[in-house]
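Q: Below is the sequence, then the predicted model.
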Amino acid sequence: DTGVSQDPRHKITKRGQNVTFRCDPISEHNRLYWYRQTLGQGPEFLTYFQNEAQLEKSRLLSDRFSAERPKGSFSTLEIQRTEQGDSAMYLCASSRQGPYTFGSGTRLTVV
Amino acid sequence: QKEVEQDPGPLSVPEGAIVSLNCTYSNSAFQYFMWYRQYSRKGPELLMYTYSSGNKEDGRFTAQVDKSSKYISLFIRDSQPSDSATYLCAMSPNAGGTSYGKLTFGQGTILTVHP
């Protein structure tokens, strides 16, 4: 058990470009969550998977955002046509039952 | 008004002090209450979790929940410089039979414990 792994740790992109982040949850965890955290704020919920099914999406997840979890294992979060307001830390978490474990996040900077 | 309010601090205390961190909330559906610690450029790490009202103690940490007042607290005894971090409260309703679902976080309180 190596914890929740996120890749990349840092991403700098130009406005308008597409970016994709990956999350590898703890292997036996069937629930996977994405959160976004901006500077000086707590994490905000984006979306939730149980196995491969995406069960809940926040209205923060605009049409430019899409998340997938094929085969109920790793997950990807894609942001299309990035905007400066997308700059944030994107956190992934996983659980089986009970409190979840967060990864170290992917820090996105849109320039 | 945010569902969960947390004083962002910053809070600076001397080593050995007792630290009190607090959150208030407005959503009476919240049933699970958590405290996370977050070091700079790291993900949040779970410290304590409680269900409904009451107290829970784990080493130097005590979590209290008062649902009637919609108020939760985290106390840190004998604070150490290694406790310097951002402390986040988080809450979840018991929705759809799952024990844990979407968390709503407070803003986080920045704590510095100086030697």
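A: Structure received. Numbering: from 1, shown residues only, chains lettered A, B, ... in the order given.
Q: Quick check: which ranges of chain A have low pLDDT?
A: Low-confidence segments of chain A, defined by pLDDT under 70: A:1.
Q: In it, mark out all the strands, start to finish.
A: Along chain A, counting by DSSP state E, strands occupy A:5-7, A:10-13, A:19-24, A:31-37, A:44-50, A:53-57, A:65-68, A:75-79, A:88-95, A:101-102, A:106-110.
Q: so does the fifth one get close to chain B?
A: In this case it means strand A:44-50. Yes: counting by CB under 8 Å from any CB of the partner chain, contacts between strand A:44-50 and chain B involve A:44-45, A:48. Every C-beta, even on glycine, is put in place using the N, C-alpha and C of the backbone.
Q: Please identify the buried residues of that strand?
A: A:44-49 (16 or more other CB atoms under 10 Å in any protein chain shown).
Q: Kindly report the same for the fourth one.
A: Across strand A:31-37, burial judged by 16+ other CB under 10 Å covers A:31-37.
Q: could these go into TSV alongside distance to chain B?
A: Shown next, in TSV, are those (distance: CB to the nearest CB, whole Å):
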residue	distance to chain B
A:Arg31	8
A:Leu32	12
A:Tyr33	8
A:Trp34	11
A:Tyr35	8
A:Arg36	11
A:Gln37	8
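Q: For chain A, which residue gets nearest to chain B?
A: Relative to chain B, the nearest point of chain A is A:Gly42 (3.1 Å; CB to the nearest CB).
Q: so what's the residue in chain B positioned nearest to chain A up against?
A: Residue of chain B nearest chain A, by CB to the nearest CB: B:Phe105 (3.1 Å). Contacts of B:Phe105 were listed using CB atoms under 8 Å, 6 or more residues apart in numbering or on different chains, and they are A:42-44, B:4, B:36, B:88-90.
Q: Apart from its neighbours in sequence, what residue is nearest A:Asp24?
A: A:Ser5 (4.3 Å; CB to CB, 6 or more residues apart in numbering or on different chains).
Q: So the one you found versus A:Cys92, what's the distance?
A: 9 Å (CB to CB, to the nearest Å).
Q: These two - which one has more neighbours?
A: Taking other CB atoms under 10 Å in any protein chain shown, A:Ser5 and A:Cys92 do not tie; A:Cys92 has more neighbours (29 against 14).
Q: what about that one, distance to A:Thr2?
A: 14 Å.
Q: try A:Pro99
A: 18 Å.
Q: ok, those two, which is more surrounded?
A: A:Pro99 (18 against 7).
Q: Which of the strands of chain A sits closest to B:Ser82?
A: For the strands of chain A, proximity to B:Ser82 was assessed by CB to CB; strand A:101-102 is nearest, at 19.2 Å.
Q: Point out the other helices and strands that the closest one packs with.
A: On a contact count with 3 or more CB pairs under 8 Å, 6 or more residues apart in numbering or on different chains; DSSP states H and E, strand A:101-102 meets strand A:88-95.
Q: wait, does the strand it packs on contact chain B?
A: Yes: applying CB under 8 Å from any CB, one finds strand A:88-95 touching chain B at A:91, A:93, A:95.
Q: Looking at these, which one is closest to B:Pro14?
A: Among these, and counting by CB to CB, the member closest to B:Pro14 is A:Leu91, at 31.9 Å.
Q: ok, now which ones touch residue 92?
A: Answering for chain A, as no chain was given. A:Cys92 is in contact with A:4, A:6, A:21, A:23, A:25, A:32-35, A:75, A:77, A:102-103, A:105, counting by CB under 8 Å, 6+ apart.
Q: To clarify, I was referring to chain B.
A: B:30-32, B:34, B:100-104.
Q: I am finished for the moment; much appreciated.
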